[in-house]
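sequence? don't have it. structure:
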């Protein structure tokens, strides 16, 4: 916007969260750019109450995703195809929590995954952390498109802080979120 541009004209230094975004900013604005990484406060995650009552069948691997689904960008299709390819449909349950899951119904139907995919309404932050902490794996979805290369969503730091294994779908090996 106009005001953003005016502020940048007078800026001595621009800060951002990743090397890729820093390079883009430097090339666009020709100003010095400092990378300040995101992170988390470990103490914030020490007293999370595990919430596993949503997992009816504890003999199956429970995978949890918390967030929005964007077909073609934050899209679990590759995971669903792997589950189908290796005939793991009876060994896994995937739980999706979020506001915008409309595209997910189409994705699940297209991959014949109705028997092991469950849709849930969003929970409070602390309740969601309890579910994520109780899961066997947490799912991190990000776009594989080049414009997402420098994206460092806070979600990845929350998942790291919770300490559960993370399944990552989407980002390429040279993306900032994968380099963590």
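Okay, I see it. Fair warning: this is a prediction, and the values are worked out from it, not measured in the lab.

what's residue 123 in contact with, if anything?
Contact analysis of residue 123 by C-beta atoms under 8 Å, 6 or more residues apart in numbering lists 97, 131. (Each C-beta comes from the backbone N, C-alpha and C, glycine too.)

Distance check, it against residue 130.
Counting by C-beta to C-beta, to the nearest Å, the separation of residue 123 from residue 130 is 8 Å.

Check residue 102 too.
Applying C-beta to C-beta to residue 102 and residue 130 gives a distance of 26 Å.

Between these two, tell me which one has more neighbours.
Using other C-beta atoms under 10 Å, the more surrounded residue of residue 102 and residue 130 is residue 130, with 19 against 10.

Spatially nearest residue to residue 143, not counting backbone neighbours?
Among residues not flanking residue 143 along the chain, residue 73 sits closest, at 4.0 Å (C-beta to C-beta, 6 or more residues apart in numbering).

how many other residues sit next to that neighbour?
16.

do residue 77 as well
When counting by other C-beta under 10 Å, one arrives at 17 neighbours for residue 77.

That one: what's its closest spatial neighbour, skipping adjacent residues?
The shortest distance from residue 77 to any non-neighbouring residue, by C-beta to C-beta, 6+ apart, is to residue 107 (5.6 Å).

got it, and residue 115?
Residue nearest to residue 115 in three dimensions, not counting chain neighbours: residue 89, with 6.0 Å by C-beta to C-beta, 6+ apart.

what's the distance between that neighbour and residue 61?
Counting by C-beta to C-beta, the gap from residue 89 to residue 61 is 12 Å.

got it, and residue 70?
25 Å.

So for these two, which sits in the more crowded spot?
Using other C-beta under 10 Å as the criterion, residue 70 and residue 61 rank with residue 61 on top: 17 against 14.

now that one, which residues is it bridged with?
Beta-bridge pairing for residue 61 (DSSP bridges): residue 92.

got the contact list for it?
Per C-beta under 8 Å, 6+ apart, neighbours of residue 61: 91, 92, 93, 136, 137.

ok, now residue 55?
Residues in contact with residue 55 (C-beta under 8 Å, 6+ apart) are 62, 93, 95, 134, 135.

Retrieve the pLDDT associated with it.
The score at residue 55 is 92. That number is its pLDDT.

With residue 86 instead?
pLDDT for residue 86: 97.

any idea how far it lies from residue 92?
10 Å.

So the two - more neighbours on which side?
Counted by other C-beta under 10 Å, residue 86 and residue 92 do not tie: residue 92 has more neighbours, with 17 against 9.

give me every residue that touches that one.
The neighbours of residue 92, taking C-beta under 8 Å, 6+ apart as the test, are 60, 61, 62, 63, 83, 116.

Report the separation between the residue positioned nearest the centre of the chain and residue 90.
With distances taken as C-alpha atoms, centre = their mean, residue 140 lies nearest the centre of the chain, 3.5 Å away. Distance of residue 140 to residue 90, computed by C-beta to C-beta: 25 Å.
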